[in-house]
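Peer 1: starting from these lines, generate the structure:
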Amino acid sequence: MLAKHKAHEPMQHNELKSFYTLSQLVLSTGQFHSPVLRHSKIPYYEVEILDAKTKKQIYVVDKVHPSSTLLDVKHRFHKACPEWYPSRVGLRQERSTSLDGPYLHDSIVIQNLAVSSIITLYFTDLGQQVSWTTVFLTEYSGPLIIYLLFYIRLASIYDIEESNKSIRHPVVHLACFCHCLHYVKCLLETLFVHKF
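Peer 2: Okay, here's the model as predicted:
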């Protein structure tokens with residue numbers, strides 16, 4: 001029994017030694033506490049929006065993050081001035097009296113426009129805008145409806161004798177099917193595939 005007891009002594013000594021080294025390592029690294037989060041000094045910008053014609057201040061968008069885009073600024077401007085939704089707002093860096101000048105794209109990052117912490121943009125109301133979805137739905141439904149009006153042979157378009165003929169060549173049916181299939185496909189792509 002004495003031999004068993006002596007065999008455990010070196011193990012306990014090794015365990016104490018490894019515990020001691022572990023504790024020294026912990027003490028040398030410092031206390032266990034959560035790291036202090038330091039706020040980085042991000043320069044926020046102020047975007048001053050002036051009327052392009054009168055140079056009167058319309059609104060100031062404050063605390064704009066440098067990575068924000070011009071579209072983000074337009075959305076914040078829309079919250080303050082609900083009558084001007086983002087697609088209706090045209091912004092420029094220089095004041096221009098003509099309406100032909102280039103407007104800034106929505107994807108431009110604010111930091112790229114900044115010369116100082118205050119960015120001055122000139123506002124132009126572009127008027128009511130029609131969405132691209134509406135444009136393409138109208139563009140594709142027009143030929144579809146017009147072709148079908150000729151296919152069903154309305155009496156207002158054709159003679160009464162021609163409009164009463166029920167027998168048509170099979171190519172006419174095939175052409176109508178292909179035409180309708182093409183434009184229905186375009187309409188469905190506009191609704192469910194394309195992102196504008």
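Peer 1: any weak-confidence spans in the chain?
Peer 2: Scanning the chain for pLDDT under 70 picks out 1-17, 19-20, 22-40, 95-101, 163.
Peer 1: quick check: chain neighbours aside, which residue is closest to the residue nearest to the spatial centre of it?
Peer 2: Centroid-nearest residue in the chain: Leu71, 8.2 Å away (criterion: CA atoms, centre = their mean). Excluding its sequence neighbours, the residue lying closest to Leu71 (CB to CB, 6 or more residues apart in numbering) is Asp106, at 3.9 Å. Every C-beta, even on glycine, is put in place using the N, C-alpha and C of the backbone.
Peer 1: gap between that neighbour and Ile42?
Peer 2: With distances taken as CB to CB, to the nearest Å, Asp106 is found 22 Å from Ile42.
Peer 1: cool, and His105?
Peer 2: 24 Å.
Peer 1: and what of Thr190?
Peer 2: In terms of CB to CB, Thr190 sits 41 Å off from Ile42.
Peer 1: what does Ile152 give?
Peer 2: For Ile152, the distance to Ile42 - CB to CB - is 65 Å.
Peer 1: ok, the two, which is more surrounded?
Peer 2: The neighbour count for Ile152 versus Ile42, taken as other CB atoms under 10 Å, is higher for Ile152 (11 against 8).
Peer 1: how close does Lys195 get to Ser141?
Peer 2: Distance from Lys195 to Ser141, counting by CB to CB: 20 Å.
Peer 1: look at those two and report which has more neighbours.
Peer 2: More neighbours surround Ser141 than the other of Lys195 and Ser141, with 15 against 5 (other CB under 10 Å).
Peer 1: so where do the strands sit in the protein?
Peer 2: 45-51, 57-64, 89-92, 118-125 (DSSP state E).
Peer 1: which other helices and strands does the third one contact?
Peer 2: Which is strand 89-92. The criterion is 3 or more CB pairs under 8 Å, 6 or more residues apart in numbering; DSSP states H and E, and the helices and strands that strand 89-92 contacts are helix 70-80, strand 118-125.
Peer 1: quick one: the helices in the chain, in order.
Peer 2: Remark: helices assigned in the chain by DSSP state H are 2-29, 70-80, 110-113, 132-151, 160-164, 170-192.
Peer 1: return the most buried member of these.
Peer 2: The highest mean neighbour count among those, using mean count of other CB atoms under 10 Å, belongs to helix 70-80: a mean of 18.
Peer 1: list of residues touching it?
Peer 2: 47, 49, 59, 61, 64, 84-86, 89, 91, 104-108, 110, 113, 121 (CB atoms under 8 Å, 6 or more residues apart in numbering).
Peer 1: and it, how far from the chain's centre?
Peer 2: Chain-centre distance of helix 70-80: 13 Å, with CA atoms, centre = their mean, to the nearest Å.
Peer 1: next, the angle from it to strand 118-125.
Peer 2: 70 degrees (axes from the mean of the first three to the mean of the last three CA atoms, to 10 degrees).
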